[in-house]
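Chemist: Need coordinates for the below:
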Amino acid sequence: MRIAVLNPNYNFLSGPRSMHRYAEVFINKYCSDILTYEQAQVYKGDVIVQLSGRPDLFQNCPPKEFKGLKVVHLMDHVFQVNRTNEKLKENEIDYVMCYNRHDLYDDFFKYAYKEYIGKVIPVPFGFNDLRFSSKYPYLERKNKVLALGAVNPVSDPLCIADIAVYAAFYKDEPFTHKWRRMLSLNERRFESIMDSLLPSYPKTKDFSYDIVGKYNEYKMFTSGESIMNYPSVKTFEGMACGSVLVCSDHQCYKDLGLVDKQNCLMHSQYDLNSFEEVVLWGQNNPEELARISEEGINLAKERYTPEKIADYLFTKLTEL
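Modeler: Numbers count the residues shown, from 1 in each chain. Next comes the predicted model:
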């Protein structure tokens, strides 16, 4: 099978700080050709994939003249929804890649991309193994849960023109990261079990700390899925660093191979009391928690390195 990649953005897809380094591995390992849009129009191979997102831009959407399998990564699919749909339809794109089974769990995707329900290839973030690893003895770490990540509003004023459809759909939800916002409002309640690096809104992000060091400093961490029900990149990064993931019991995590008290700790979704009970159990069961940490590392290494995700993507394209 001859696979080509269209206009890869190597600055975005490669290097120790990329969240998408699997794409670099995939290109190097499985792709026969790298194409411009014009070259793609006359390409004679079997598959063209676009891995850099923004299919609303014509040069990032495989052309309809190519009659093989055309696959596009939507990435942050809340941007330029109408234009993206136009290009997908106009260029006869067969499948879209997303961070999760958005066609099963994401109400916004099901509303905005109806024609791609059943045509989603889930490609989880995984972790960049050039950067994230367990470096600090587990038993010497702080016996608390670390809360971290962005706390973005749905109607983000910095990009409201690009996300108008998304903002209108979620007009009654103030925050994309609902769980992180709930935790940030309850930091005092949880001060004996949780340390927070969550920004205080209207600040939405904090890049001032060494995230690898922080994962290695704590026995547990939590970040949470967005209101679109897909696990963030921190899910995989923290596990790779040996911190035990404390997540909700939503199916999006179970699809990843996560099992409560086997390789993570799960609480009821959006339930602060359940979250507190789960973290307290972890604090009071150090030997079990250490075992769960090891199983989390094993899962991350066995399934979510750039190499493993690249192999998985190749297998999915072969099946299609």
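
Chemist: Report the distance from stretch 158-176 to the chain centre.
Modeler: Centroid displacement of stretch 158-176 relative to its chain, using CA atoms, centre = their mean, to the nearest Å, is 19 Å.

Chemist: mind listing what's buried in it?
Modeler: Within stretch 158-176, the residues that qualify as buried by neighbour count (16 or more other CB atoms under 10 Å) are 162-163, 165-167, 169-170, 175-176. Every C-beta, even on glycine, is put in place using the N, C-alpha and C of the backbone.

Chemist: Just send those back as CSV, with pLDDT, distance to residue 92 and secondary structure too.
Modeler: Formatted as CSV, these follow (pLDDT from 0 to 100; distance: CB to CB, whole Å; DSSP: H, G, I helix; E, B strand; the rest coil):
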residue, pLDDT, distance to residue 92, secondary structure
162, 94, 25, coil
163, 96, 26, coil
165, 96, 22, helix
166, 97, 25, helix
167, 96, 29, helix
169, 97, 26, helix
170, 97, 30, coil
175, 97, 36, strand
176, 97, 31, coil
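
Chemist: per-domain residue ranges of this protein.
Modeler: Per automatic domain parsing, the domain ranges recorded for the chain read 3-126+305-319, 138-303.

Chemist: Please enumerate the strands of the stretch 1-150 of the chain.
Modeler: Counting by DSSP state E, counting those that start in this stretch, one finds strands in the stretch 1-150 of the chain at the ranges 3-6, 33-35, 47-50, 69-73, 95-98, 120-122, 142-147.

Chemist: Would you give the sheet partners of the second one, along with the direction of each?
Modeler: Sheet pairing here is set by DSSP bridges, and for strand 33-35 it gives strand 3-6 (parallel).

Chemist: separation between residue 215 and residue 140?
Modeler: When distances are taken as CB to CB, to the nearest Å, residue 215 and residue 140 turn out to be 14 Å apart.

Chemist: Pick out whichever of the two has more residues nearby.
Modeler: Taking neighbours as other CB atoms under 10 Å, residue 215 and residue 140 compare with residue 215 leading, 25 against 8.

Chemist: ok, now which ones touch the nearest residue in space to that one that is not next to it in sequence?
Modeler: If the residues on either side of it in the chain are set aside, residue 215 comes closest to residue 241, at 3.5 Å by CB to CB, 6 or more residues apart in numbering. Residue 241 is in contact with 132-135, 212, 215-216, counting by CB atoms under 8 Å, 6 or more residues apart in numbering.

Chemist: So which other helices or strands are in contact with the lengthiest helix in the chain?
Modeler: The helix that spans the most residues within the chain, counting by DSSP state H, is helix 286-303. Judged by 3 or more CB pairs under 8 Å, 6 or more residues apart in numbering; DSSP states H and E, helix 286-303 is in contact with strand 218-222, helix 234-240, strand 244-248.

Chemist: Tell me how many other residues crowd the closest residue in space to residue 76 that isn't next to it in sequence.
Modeler: Leaving aside its sequence neighbours, residue 76 sits nearest to residue 53 (CB to CB, 6+ apart; 6.9 Å). Burial of residue 53 is recorded as 21 neighbouring residues (other CB under 10 Å).

Chemist: Whichever of the contacts of residue 241 end up buried, select them in ChimeraX.
Modeler: Restricted to buried positions by 16+ other CB under 10 Å, the ChimeraX selection for the contacts of residue 241 reads:
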select :132,133,134,212,215,216
